[in-house]
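Chemist: Fold the stuff below for me.
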Amino acid sequence: SDSPTPITATSPAPESTTIKPVATPTPTSTVSDQIKELRQSISELQKMEQNSGVIQEIEAIQRNIAKLEGPLTNIGPVAKIRAFDRQVCVITTDNSLFCWGQNYWKQLADGTTVDRNTPVQALDLTVLEVSLGNSHSCAVKADRSVVCWGQNTYGQLGNGELTVRGLPIFPPVQVSGLGQGTAVSVVTGVASSCALKTDGSVVCWGDNSVGQLGDDTLEQKLIPVQVSGLGPGTTAAIFGSDRGTCVLKKTDGSVVCWGITNLSSNTALVPIKISSLIAGTIRSLVLRSKQFCVLKTDGSVACGGATPTQILGLTKGTTAAIAVGHRHACALQTNGSVVCWGDNVGDGTRNNRKAPVQVSDLGPGTTVAISAGDGGHTCALKTSGSVVCWGGGPLGQLDNNDPGIAPWISHALKPIPVYGLNP
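Modeler: Okay, here's the model as predicted:
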């Protein structure tokens, strides 16, 4: 997704910096000693002015460290799976976070900008939920506080500051006002963030150029502000998209949205009720750049533009969960099988499917959770505890035993195991 034009402080161009050659680790030293030497080199470089040359040198060392460390194995057991535009994450039963995919803005929380094609563990984070946006990430920690990291040129990290020159922020910073015990979930957009609080209210922060914060203004906010009309006791669930957000209201079961979403043709500066979604009939919804789908309380599924239409075969009582990608969607059925339609459906073909078809190897009783990203990929958590992915994008595959290379596979026509998540 394209980022909006920032309204931020500016700073003078950094002075040129002479980079000292980084010492090459002694070939006869142990792997752990080599890694230690390389990390020390990074520490020395981080003390220098962070111009492009220094940053490139740090990234090169980080890639070497990734190669020396090798891929993780025997991760798990997995409790949750979350797919995003260019990344996938899993949360294990002990609330550890593991992610893979693109990492230009340190979205994977491993402290590097190295793209990963297999899972890497987030540093010093135990989480209940995570959301990776266009260039920043946020998480609800195990203590129900909210932290964010990555780009902060619009205040999307919520700590009251802006980041000059757009360098990614890491380690994660505490979001102002969202300390211990305050948050249920968090969603991230291109350059804004919103959180559902434990008291049932909703707050947002960051870019507000199209009303993403729902506070009846177009002014960016560096710390969370209350969404108009969504105070304590109002909200049951929150659903994010690139430049807008929707919630399911606790008070009457209606869906309201603000900013720009494909549920409404107009920009909304405050939450507006979506009349095409009958109050009390919606269990959950997924918003993507090209489409949205709703899972109804009766277990049926509808998708579309401003007015959703019933999906063939996914009638009452059939569906437990839904996942929506760029040009495809999937349903986890109540019998534990997975069906998909559109592109990248995982049935072993390249055919665009107009109606749901069975995903290969994910028949009845096989699957407990699914998630899809806007990059054309889908992943599933199987009853065996393994994770499989298909489509295009970050599929979690090992390539020449090198986790430090670009994470993209051209295409997987049916589910394939994610390395390290296959007990």
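
Chemist: tell me which residues in stretch 244-259 are buried?
Modeler: Neighbour counts over stretch 244-259 (16 or more other Cβ atoms under 10 Å) mark 244-249, 253-259 as buried. Any C-beta I mention is one placed from the backbone N, CA and C, and that applies to glycine too.

Chemist: need those in JSON lines with pLDDT, can you?
Modeler: Below are those laid out as JSON lines (pLDDT from 0 to 100):
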{"residue": "244", "pLDDT": "94"}
{"residue": "245", "pLDDT": "96"}
{"residue": "246", "pLDDT": "96"}
{"residue": "247", "pLDDT": "97"}
{"residue": "248", "pLDDT": "98"}
{"residue": "249", "pLDDT": "97"}
{"residue": "253", "pLDDT": "96"}
{"residue": "254", "pLDDT": "97"}
{"residue": "255", "pLDDT": "96"}
{"residue": "256", "pLDDT": "96"}
{"residue": "257", "pLDDT": "95"}
{"residue": "258", "pLDDT": "96"}
{"residue": "259", "pLDDT": "95"}
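
Chemist: Among those residues, which one sits closest to residue 274?
Modeler: Nearest to residue 274 among those: residue 255, at 4.7 Å, using Cβ to Cβ.

Chemist: Beta-bridge partners for that closest one, please?
Modeler: Residue 255 has the following beta-bridge partners by DSSP bridges: residue 248.

Chemist: Tell me the spacing between it and residue 152.
Modeler: Distance check for residue 255 against residue 152: by Cβ to Cβ, to the nearest Å, it reads 30 Å.

Chemist: cool, and residue 175?
Modeler: 11 Å.

Chemist: again with residue 279
Modeler: For residue 279 relative to residue 152 (Cβ to Cβ), the value is 37 Å.

Chemist: Neighbour count for these two, which is higher?
Modeler: It is residue 152, of residue 279 and residue 152, that has more neighbours when counted by other Cβ atoms under 10 Å, with 28 against 15.

Chemist: Okay, now the unreliable bits of the chain?
Modeler: By pLDDT under 70, the low-scoring segments of the chain are 1-28, 165-166, 265, 306, 394-410.

Chemist: Would you tell me which strand is longest in it?
Modeler: strand 116-132 (DSSP state E).

Chemist: quick revisit: which neighbours do residue 175 and residue 152 share?
Modeler: Common contact partners of residue 175 and residue 152 (Cβ atoms under 8 Å, 6 or more residues apart in numbering): residue 159.

Chemist: Taking the buried residues of stretch 244-259, tell me the two that lie furthest apart.
Modeler: Spatial extent of these (Cβ to Cβ) is set by the pair 253 and 259 at 21.5 Å.

Chemist: quick one, helices of the stretch 51-200 of the chain?
Modeler: 52-69 (DSSP state H, counting those that start in this stretch).

Chemist: Identify the residue nearest the residue nearest the centre of the chain in space, chain neighbours excluded?
Modeler: Centrality entry for the chain: nearest residue to the mean C-alpha point is residue 132, 2.9 Å, by Cα atoms, centre = their mean. In space, and not counting its chain neighbours, residue 132 is closest to residue 84: 4.2 Å by Cβ to Cβ, 6 or more residues apart in numbering.

Chemist: Would you agree residue 354 is in contact with residue 341?
Modeler: Yes. Using Cβ atoms under 8 Å, residue 354 is in contact with residue 341, at 6.7 Å.

Chemist: So which of the two has more stuff around it?
Modeler: residue 341 (20 against 9).

Chemist: Convert the C-alpha atoms of the helix or strand hosting that one to CSV, please.
Modeler: Secondary-structure assignment from DSSP states H and E places residue 341 in strand 338-342. Extracted in CSV, the C-alpha atoms of strand 338-342 (Å, rounded to 0.1, in the frame of the first residue of the first chain):
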residue,chain,number,x,y,z
VAL,A,338,-10.9,-25.6,4.6
VAL,A,339,-12.4,-24.3,1.3
CYS,A,340,-11.3,-21.3,-0.8
TRP,A,341,-12.4,-19.4,-3.8
GLY,A,342,-10.8,-16.8,-6.1
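
Chemist: Tell me the helix or strand right after it.
Modeler: From strand 338-342, the next helix or strand downstream (DSSP H and E) is strand 353-358.
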